[in-house]
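[1] model this:
(one chain, ligands or ions: 1)
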Amino acid sequence: MALELLDHMDTAIDLSDPSSALDLANIRFQLIRLEDTITFHLIERVQFPLNAAIYDPDLLPIPNSNLALPPNLSLADYMLSETERLHSLVRRYDAPDEYPFFPQVLQRPMMAPLRYPKILHENNVNVNSIIKDKYIKEILPEACRDFGRTDRGETKENYGSAATCDIACLQALSRRIHFGKYVAESKFRKETDRFVALIKAEDRTGIDAAITDAKVEQKVLERLRLKAKTYGTDPSTANDGTDTGKINIDAVVKMYAQVVIPLTKVVEVEYLMQRLKGTEWE
Ligand SMILES: C=C(O[C@@H]1C=C(C(=O)O)C=C[C@H]1O)C(=O)O
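    So this is what the prediction gives:
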């Protein structure tokens, strides 16, 4: 059972049932669930300082290894790529909602392949390199920034723990952002003629406007602020003013406003730009 779980992590959406997988309300329910996953993983990560050395191979080089590693790996990259190497052996990346950060390390699964029905159109959209870059350069510095605490500096003893938390954060962010493909497919099937015209005109701005729902985005940010405040506060000290909070609430909202939502929409647009390939509309 445990091995099966890795194939499909905690997505309750039934990717084997096209009507469920493309029901926009169901997809949005999954995106809401992933808000909790991402927020809790970030709360775990920010218990440690930024520990910038784990993202810099010059500051903290990986000892020689007999593994065929990508060159010039940071500790964080080493731990993420080796996690992906292991998980690929149990078919994690056969799942249509899982995207690797290091495709070059994936191994042939040691278990029989699972048959997933074809729901999404063939595409090569993978924005994980952008996700990781923004996570390291924008999200973490903001989330780990001192807020009401003394300067925590670097904690060398937590390098491995911080990198382990990063893996959970990055994998959850990747799944949430690449879920944009199911959103885009759902919208394409609802308004096919509209999107066919925009795609044929290569009108990315028009496609972005067509897939944007400002009201939904606003609700996402309002809900995130409430969740970060609630999950990040010790309920036993919430009202006596002593709770310093476990997470920088503004950082969680900024993460969604400046990275998660914009990149989800990039995935939607780029997926749709590939949607007509090999179809009668091409
Ligand atoms: C994901 C969707 O598409 C867009 C992206 C959103 C997001 O990333 O939260 C929300 C609304 C849309 O602008 C959606 O319509 O639900």
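[2] any low-confidence regions in the stretch 1-150 of the chain?
    Counting by pLDDT under 70, the ranges of the stretch 1-150 of the chain that qualify are 1-13, 64-70, 146-150.
[3] in it, which residue sits nearest the ligand?
    When distances are taken as CB to the nearest ligand atom, the stretch 1-150 of the chain approaches the ligand most closely through Arg28, which lies 5.0 Å from it. C-beta coordinates here come from the backbone N, C-alpha and C atoms, glycine included.
[4] residues contacting the spatially most central residue of the chain?
    A centroid search over the chain (CA atoms, centre = their mean) returns Leu173, at 1.6 Å, as the residue closest to the centre. The neighbourhood of Leu173, defined by CB atoms under 8 Å, 6 or more residues apart in numbering, consists of 38, 131, 135, 259-260.
[5] so the residue of the stretch 1-150 of the chain closest to the ligand touches Asp213, yeah?
    No - in terms of CB atoms under 8 Å, Arg28 does not count as a neighbour of Asp213; the distance is 9.7 Å.
[6] which one of those two has more residues nearby?
    Legend: neighbour count by other CB atoms under 10 Å for Arg28 and Asp213, higher for Arg28 (17 against 13).
[7] what's near enough to touch the more buried one?
    Arg28 is in contact with Val216, counting by CB under 8 Å, 6+ apart.
[8] which strand or helix spans it?
    Arg28 belongs to helix 24-45 when elements are defined using DSSP states H and E.
[9] same question, Gln47
    Gln47 is located outside every helix and strand, with elements delineated by DSSP H and E.
[10] for Asn72, which non-adjacent residue is spatially closest?
    Computed as CB to CB, 6 or more residues apart in numbering, the closest residue to Asn72 that is not its neighbour in sequence is Pro57, at 5.0 Å.
[11] in this protein, which spans are helices?
    Taking DSSP state H, the helices of the chain run over residues 2-8, 18-21, 24-45, 75-89, 128-134, 140-144, 159-178, 180-190, 192-200, 204-211, 214-231, 249-255, 261-273.
[12] redo these as CSV? Include distance to Glu98.
    Below are these laid out as CSV (distance: least, CB to CB, whole Å):
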stretch, distance to Glu98
helix 2-8, 8
helix 18-21, 14
helix 24-45, 13
helix 75-89, 8
helix 128-134, 11
helix 140-144, 23
helix 159-178, 7
helix 180-190, 12
helix 192-200, 26
helix 204-211, 22
helix 214-231, 22
helix 249-255, 21
helix 261-273, 14
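[13] to Pro117, which of those helices lies closest?
    Distances from Pro117 to each of those were compared by CB to CB, and the smallest falls on helix 18-21, at 6.2 Å.
[14] pull out the buried residues from the closest one.
    Within helix 18-21, the residues that count as buried by 16 or more other CB atoms under 10 Å are Ala21.
[15] contacts for that helix?
    For helix 18-21, the surrounding residues in contact (CB under 8 Å, 6+ apart) are 13-15, 26-27, 117, 119, 182.
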